[in-house]
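>>> got a predicted model here, sequence first, then my questions.
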Amino acid sequence: MSWARWQRAAAFGLCLCPVVTSCSGVQSTLDPAGKEAESVATLFWVTTVGGLLIWAVVVAISQYAARWKRETISEKAAGQMIFWGGAVFPVVVLTALLAYALWLMPFLRPFASPGEATTRIEVVGHQFWWHVVYHRADGSIVVSANEIRLPVGERVEFSLTSADMIHSFWIPALGGKMDLIPGRINRLSLLAQRTGTYRGQCAEFCGTSHALMAFPAVVMEPVEFEAWLEQRSVSAATDPANAGQAVFFREKCGECHSVAGTEAKGAAGPDLSHVGSRLTLGAGRMENNETNMARFIANPSLIKPGSHMPGYQSLSQEDLSVVAKWLKGLQ
Ligand code: CUA
């Protein structure tokens, strides 16, 4: 093979890389783990394969005309070719595609019928984090943030709104996206079909840290999900004598954050009642450990540009470390 051909083959291979690597993973629409995502993936494959087939036919015809059939054709034949190939064919194909996509649409966002959704999850978007409230069948609620948990095989209904900008709630592996709009409640229902930890992402530009506004979405067995909710419906063990808890209240962290079972009732920032047990910190930004917790408290805008939380670089290393340890202990 000549050098130019090698280069072309390498360029083609490089172009294929993102296509191949996006076919699987925790944030892939093409690796569906939910009923709604399956419809999206099917539509993608039908349009992609259909488009490739049409492209192949057009290329074959143009090659045939350019290489083998070089004599001119009559004006009447050319006119007919334009009519059938340039007008009728695209109209038929695009109409069929539109009909197919419209037929799929109700399956993309089915509203859970009354009695079908046992869990209702309320999500409020903020710059740049997610407030999450689980409404349980018995009427009680569990407040959380920056993480979504779902039972496998059960339809869950989300009510979505925003406190500031337009955000968009999207778990590609489970279904399509839905905007969170201030002053309005949008509904989305999802049916997860495979357990695992997936990744959700804000899908509407909402400011500096839009790309850093993510969350883990954990699909669990219904029994585990119930146990998880049960565990979070009671306050984590707090201790007024704890040095970290003392720093938390001395610095007035409770003005912006809530910790169940304590005086902290703030609503400007994420609920911290069980923050120690979450998979990530900073809405999917980093691993949840004491070191990262202390780093975030000291300088949030370094980790999350545009974050509304003020930095606490004035705190001593000792204070930072005890408060981080206390928060990580809120399991
Ligand atoms: Cu929130 Cu983008």
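Received the coordinates, thanks. Numbers count the residues shown, from 1 in each chain.
>>> can the host helix or strand of residue 134 be found next to the ligand?
Residue 134 belongs to strand 129-135 when elements are defined using DSSP states H and E. No: Strand 129-135 is not in contact with the ligand by C-beta under 6 Å from any ligand atom; minimum separation 8.6 Å. Bear in mind the C-beta positions are built from the backbone N, C-alpha and C, glycine included.
>>> list the strands paired with that strand, with their directions.
strand 119-126 (antiparallel), strand 141-145 (antiparallel) (DSSP bridges).
>>> off-centre distance for whatever helix or strand residue 102 lives in?
Taking DSSP H and E as the definition, one finds residue 102 inside helix 89-108. Per C-alpha atoms, centre = their mean, to the nearest Å, the displacement of helix 89-108 from the mean C-alpha position of its chain is 26 Å.
>>> now do it: which elements does it pack against?
The helices and strands touching helix 89-108, judged by 3 or more C-beta pairs under 8 Å, 6 or more residues apart in numbering; DSSP states H and E, are helix 35-67.
>>> quick check: mean pLDDT of the helix it packs on?
Mean per-residue pLDDT for helix 35-67: 91.
>>> got it, and stretch 192-207?
96.
>>> hmm, it touching the ligand?
Yes: on the criterion C-beta under 6 Å from any ligand atom, stretch 192-207 is in touch with the ligand at 202, 204-206.
>>> rewinding a little: the strands paired with strand 129-135: which one's closest to the ligand?
strand 119-126 (5.5 Å; C-beta to the nearest ligand atom).
>>> got the buried residues for the closest one?
119-126 (16 or more other C-beta atoms under 10 Å).
>>> and these near the ligand, which?
Applying C-beta under 6 Å from any ligand atom to the buried residues of strand 119-126, one finds that residue 125 fall near the ligand.
>>> what's the closest of the buried residues of strand 119-126 to residue 191?
residue 119 (11.4 Å; C-beta to C-beta).
>>> my guess is that closest one meets residue 132, correct?
No: counting by C-beta atoms under 8 Å, residue 119 sits too far from residue 132 to count as a contact (11.7 Å).
>>> now residue 308: phi and psi?
Main-chain dihedrals, residue 308, degrees, to the nearest 10: phi -80, psi -10.
>>> for whichever residue of the stretch 51-200 of the chain sits closest to the ligand, give me phi and psi.
As assessed by C-beta to the nearest ligand atom, the ligand sits closest to residue 167 within the stretch 51-200 of the chain, at 3.4 Å. Residue 167 adopts backbone torsions of phi -110, psi 180, taken as degrees, to the nearest 10.
>>> and it, how close does it get to residue 266?
21 Å (C-beta to C-beta, to the nearest Å).
>>> can you check residue 260 too?
Where residue 266 is concerned, residue 260 sits at a distance of 12 Å (C-beta to C-beta).
>>> which one's more surrounded, those two?
Comparing residue 260 with residue 266 by neighbour count (other C-beta atoms under 10 Å), the higher total belongs to residue 260, at 19 against 16.
>>> now that one, what are its backbone angles?
Torsion angles, degrees, to the nearest 10, at residue 260: phi -50, psi 140.
>>> report pLDDT for the nearest residue to residue 144 once chain neighbours are set aside.
Once flanking residues are discounted, residue 144 sits nearest to residue 132: 4.6 Å by C-beta to C-beta, 6 or more residues apart in numbering. We note a pLDDT of 97 for residue 132 in this prediction.
>>> ok, residue 132 - contacts?
Neighbour list for residue 132: 121-123, 143-148 [criterion: C-beta atoms under 8 Å, 6 or more residues apart in numbering].
>>> adding pLDDT and distance to residue 55, write those residues out as a markdown table.
Converted to a markdown table, the contacts of residue 132 look like this (pLDDT from 0 to 100; distance: C-beta to C-beta, whole Å):
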| residue | pLDDT | distance to residue 55 |
| --- | --- | --- |
| 121 | 95 | 42 |
| 122 | 96 | 45 |
| 123 | 97 | 40 |
| 143 | 94 | 51 |
| 144 | 95 | 47 |
| 145 | 96 | 46 |
| 146 | 96 | 43 |
| 147 | 96 | 42 |
| 148 | 97 | 39 |
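>>> now distance to residue 48 too, for these, in TSV please.
As requested, the contacts of residue 132 are exported to TSV (distance: C-beta to C-beta, whole Å):
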residue	distance to residue 48
121	32
122	36
123	31
143	42
144	37
145	37
146	34
147	33
148	29
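>>> closest one of the residues you listed to residue 217?
residue 148 (4.5 Å).
>>> what helix or strand is the residue nearest to residue 118 when sequence neighbours are not counted on?
Of all residues beyond its chain neighbours, the one nearest residue 118 is residue 137 (5.2 Å), with distances taken as C-beta to C-beta, 6+ apart. Using DSSP H and E, residue 137 maps to neither a helix nor a strand.
>>> wasn't residue 80 part of a helix?
Yes: applying DSSP: H, G, I helix; E, B strand; the rest coil, one finds residue 80 inside a helix.
>>> ok, residue 328 to the ligand distance?
26 Å (C-beta to the nearest ligand atom, to the nearest Å).
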